[in-house]
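[1] The following comprises the amino acid sequence and a computationally predicted model.
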Number of protein chains: 2
Amino acid sequence: MKKPSSYIGEFEELVLLAILSQGENAYGVTIRQALEQATARSITVGSLYTTLSRLEEKGLVESWVGEPTAERGGRAKRHYKVKGSAQSLLREVQEARQRLVGLRTLGAMQ
Amino acid sequence: MKKPSSYIGEFEELVLLAILSQGENAYGVTIRQALEQATARSITVGSLYTTLSRLEEKGLVESWVGEPTAERGGRAKRHYKVKGSAQSLLREVQEARQRLVGLRTLGAMQ
DNA sequence: ACAGTTTGTTCTACATTGCAGTACAAATAG
DNA sequence: CTATTTGTACTGCAATGTAGAACAAACTGT
């Protein structure tokens, strides 16, 4: 686990928020659904999984493989959880944006 | 001017917000100050100007060179203004984040 | 059992954005 | 006319974004 860089990218941030939005149920497919629904842009699986593994390398999320389920194609899923370090970064960048917006329009965008 | 890509990076977004926060007075030095103040991280001039020129290439900001001022070292400044296309992108990405965060609060209530 | 179908993840490659150092340009002061 | 100050542009590399295809593991039907 690498030391968290002092910044996260635009897509990384969305992925973190998507994981957070799902409590204990976050894995590749549900994360992708949440992202496509929220952003109205199409997210390829490749993009998502590379981002997920980079986030894990940086120690911003943790993942573990669950049990297979008894459905057709129900292979084991890799579940994801956002770590505390990531939550701090999310808060920081959001606050930075708010500070800039607040300088002039005071809440017009929030 | 290139067609705006459908996404802007994390730093690009901060730069756009910084320009917006300054009305007519935005140029390299003031933008940099606003960013350093809002983010509490140090922004090198190189980073800022490369980002500014990429934003202009993409048609998200416009710039023009003003008049020199009668102070020591008071050479002409390049002023920046955010264009409408950029404002749409800013709104979109902020709404996407908001939607995801909203999902979280809804999920927490179940 | 085993070929076919479904669900899910990893691999590989390239494009775009982030960041820093250095060079360059243009103004005033002495 | 060179020293100093303010401001911008150039160059190169690291990190992040994106896509397509390959791979893996479960079930179904015969």
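    Received, thanks. Numbers count the residues shown, from 1 in each chain, chains lettered A, B, ... in the order given.

[2] so A:Leu55 sits right up against A:Glu12, yeah?
    Yes - using CB atoms under 8 Å, A:Leu55 is in contact with A:Glu12, at 6.1 Å. Where you see a C-beta, it was placed from the backbone N, CA and C, and this is true even at glycine.

[3] what's the distance between the nearest residue to A:Leu89 once chain neighbours are set aside and B:Asn25?
    Leaving aside its sequence neighbours, A:Leu89 sits nearest to A:Ile8 (CB to CB, 6 or more residues apart in numbering or on different chains; 5.6 Å). Relative to B:Asn25, A:Ile8 is positioned 30 Å away (CB to CB, to the nearest Å).

[4] Which of the two has more residues huddled nearby?
    Set side by side, A:Ile8 and B:Asn25 show more neighbours around A:Ile8, with 22 against 12, by other CB atoms under 10 Å in any protein chain shown.

[5] host element of the more buried one?
    For A:Ile8, there is no helix or strand it lies in under DSSP states H and E.

[6] Next: A:Gln98.
    Short version, using DSSP H and E: A:Gln98 is in helix A:84-104.

[7] list the buried ones in stretch A:60-69?
    By 16 or more other CB atoms under 10 Å in any protein chain shown, the buried positions in stretch A:60-69 come out as A:Leu60, A:Val61, A:Ser63.

[8] from memory the first one sits against A:Gly84, does it?
    No - the pair A:Leu60 / A:Gly84 is not scored as a contact, 9.6 Å apart, by CB under 8 Å.

[9] Make sure A:His79 is indeed in a helix.
    No - going by DSSP: H, G, I helix; E, B strand; the rest coil, the assignment for A:His79 is strand, not a helix.

[10] How many neighbouring residues does it have?
    Counted with other CB under 10 Å, residues neighbouring A:His79 total 18.

[11] pLDDT score for the residue nearest to the spatial centre of chain A?
    Centroid check for chain A by CA atoms, centre = their mean gives A:Leu16 as the closest residue, at 1.8 Å. We have a pLDDT of 98 for A:Leu16.

[12] Then A:Thr50?
    Taking A:Thr50 on its own, its pLDDT is 98.

[13] now the helices: where do they sit in chain A?
    A:10-20, A:28-39, A:45-57, A:84-104 (DSSP state H).

[14] Need the pLDDT of A:Ala40.
    At A:Ala40, pLDDT is 94.

[15] and the spatially closest residue to it that is not a sequence neighbour, how many neighbours?
    Excluding the flanking residues, the one nearest A:Ala40 by CB to CB, 6+ apart is B:Ala96, at 7.8 Å. Neighbour count for B:Ala96, taken as other CB under 10 Å: 21.
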